[in-house]
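J.: Coordinates for the following, if possible.
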Amino acid sequence: MAHTDLFGIKGKVAVITGGSRGIGLMIARGFVAAGAKVYISARKADACAQAVEELSRDGEAHAFPADLSTMSGVDALASAVAAREPKVHVLVNNAGATWGAPVGQFPESGWDKVMNTNVKGVYYLTERLLPQLVAAGTAEDPARVINIGSIDGLRVPRFENYVYSASKSAVHMLTRHLAGHLVERHINVNAIAPGLFPSKMTQFVFDGLGEQGAAEGIPMRRAGRQDDIAGTAIFLSSRAGAYLTGAVIPVDGGVSTVG
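T.: This is a model prediction of the structure:
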């Protein structure tokens, strides 16, 4: 098998949530450049339109704005995708939320926003798109679900972000459960646990510590880059990753090796 075939995703249909910025946009760029047909989703329609304008310079990209912290948003996105595509080869559940507040001051609304977006939305969007995933998967080339967890779901971070961490731990375990239940339907389910990548969610880290300070606790002494996260997602979506399911892959520059 040629190298390009082993890692190729050309012609696959991919749905990427939270795809208008940050890690989601990084993955979308990589998929479009590799020849996949990409649908992104995010809450803000203008952000979706701006991202699609950029992505469309290199390939085919479309957007369906939706708030995936709500069941109405999940259903709207799933229905919009199903109306356009009978098969979805790759679903990247990346949409996420965070909320920081000290113990004793954490609002219930913040808890609900984080858990609904990061966990509930991941499960129900996967469930709603099962017909398209089943239609796309084969024994030789299963459909893929890639859940974006976090290194903060594997170890306690230095910042007081306990609800976000708990939600990402839940994503990792949900990934393993779904992998076991869906493997017979030719659907592989894996998770990526990113470390520090530049995004709106992590901007406070760079603002507070600077780029060098932010990278101080990372063994590789740098934050993640677009190719790091897009490359891992492409591997999981390609023939090279066809025998892998139920895995949680840290993409963190070695942070998970030092506790």
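J.: nearest residue to A78 other than its sequence neighbours?
T.: Nearest non-adjacent residue to A78, counting by CB to CB, 6 or more residues apart in numbering: R128, 3.5 Å away. Where C-beta positions appear, they are placed from N, C-alpha and C, glycine not excepted.
J.: Is the one you found in contact with D75, as I believe?
T.: Yes: between R128 and D75 there is a contact under CB atoms under 8 Å: 6.6 Å.
J.: between the two, who's got more neighbours?
T.: Higher neighbour count among R128 and D75: R128, with 17 against 14, using other CB atoms under 10 Å.
J.: Contact partners for that one?
T.: By CB atoms under 8 Å, 6 or more residues apart in numbering, the contact set of R128 is 74-75, 78.
J.: what do you get for G195?
T.: With contacts defined as CB under 8 Å, 6+ apart, the neighbours of G195 are 151, 218, 223-224, 250-253, 255-256.
J.: now do R185
T.: Residues in contact with R185 (CB under 8 Å, 6+ apart) are 130, 133-134, 137.
J.: Of those residues, which belong to helices?
T.: Per DSSP state H, helices hold the following members of these: 130, 133-134.
J.: now that we have the residues you listed, which one has the most neighbours?
T.: L133 (26 neighbours).
J.: Could you measure from the nearest residue to that one once chain neighbours are set aside over to E216?
T.: Distances taken as CB to CB, 6+ apart place A143 nearest to L133, at 4.2 Å, with adjacent residues excluded. Per CB to CB, to the nearest Å, A143 is found 40 Å from E216.
J.: remind me which residues of the stretch 51-200 of the chain are low pLDDT?
T.: Within the stretch 51-200 of the chain, the ranges that satisfy pLDDT under 70 run 159, 199-200.
J.: At which residues are the helices of it located?
T.: Here the stretch 51-200 of the chain has its helices, by DSSP state H, counting those that start in this stretch, at 71-84, 108-115, 121-128, 130-136, 162-182.
J.: CSV please, covering the ones you listed and showing distance to V92.
T.: Shown next, in CSV, are these (distance: least, CB to CB, whole Å):
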stretch, distance to V92
helix 71-84, 13
helix 108-115, 19
helix 121-128, 10
helix 130-136, 12
helix 162-182, 12
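J.: still on that earlier bit, just the closest of the contacts of R128 to V52, please.
T.: Among these, A78 lies closest to V52 (CB to CB), at 19.1 Å.
J.: re earlier: which one's more surrounded, A143 and E216?
T.: Neighbours per residue, other CB under 10 Å: of A143 and E216, the larger number sits with A143, 27 against 9.
J.: Pull the contacting residues for N147.
T.: By CB under 8 Å, 6+ apart, the contact list for N147 reads 93, 122, 171-172, 174-175, 189-192.
J.: One more: E54?
T.: Contacts of E54 by CB under 8 Å, 6+ apart are R29.
J.: Check whether G137 really touches V189, as I assumed.
T.: No: the pair G137 / V189 is not scored as a contact, 11.2 Å apart, by CB under 8 Å.
J.: neighbour-wise, which of these two wins?
T.: Taking neighbours as other CB under 10 Å, G137 and V189 compare with V189 leading, 29 against 21.
J.: closest to K10 out of the helices of the stretch 51-200 of the chain?
T.: Nearest of the helices of the stretch 51-200 of the chain to K10, taken as CB to CB: helix 130-136 at 14.5 Å.
J.: So which elements touch that closest one?
T.: helix 71-84, strand 143-148, strand 187-194 (3 or more CB pairs under 8 Å, 6 or more residues apart in numbering; DSSP states H and E).
J.: Including distance to G231, could the ones you listed go into CSV?
T.: Listed next are those as CSV, based on distance: least, CB to CB, whole Å:
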stretch, distance to G231
helix 71-84, 25
strand 143-148, 13
strand 187-194, 11
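J.: For E160, which of those is the nearest?
T.: Nearest of the helices and strands packed on helix 130-136 to E160, taken as CB to CB: strand 187-194 at 19.6 Å.
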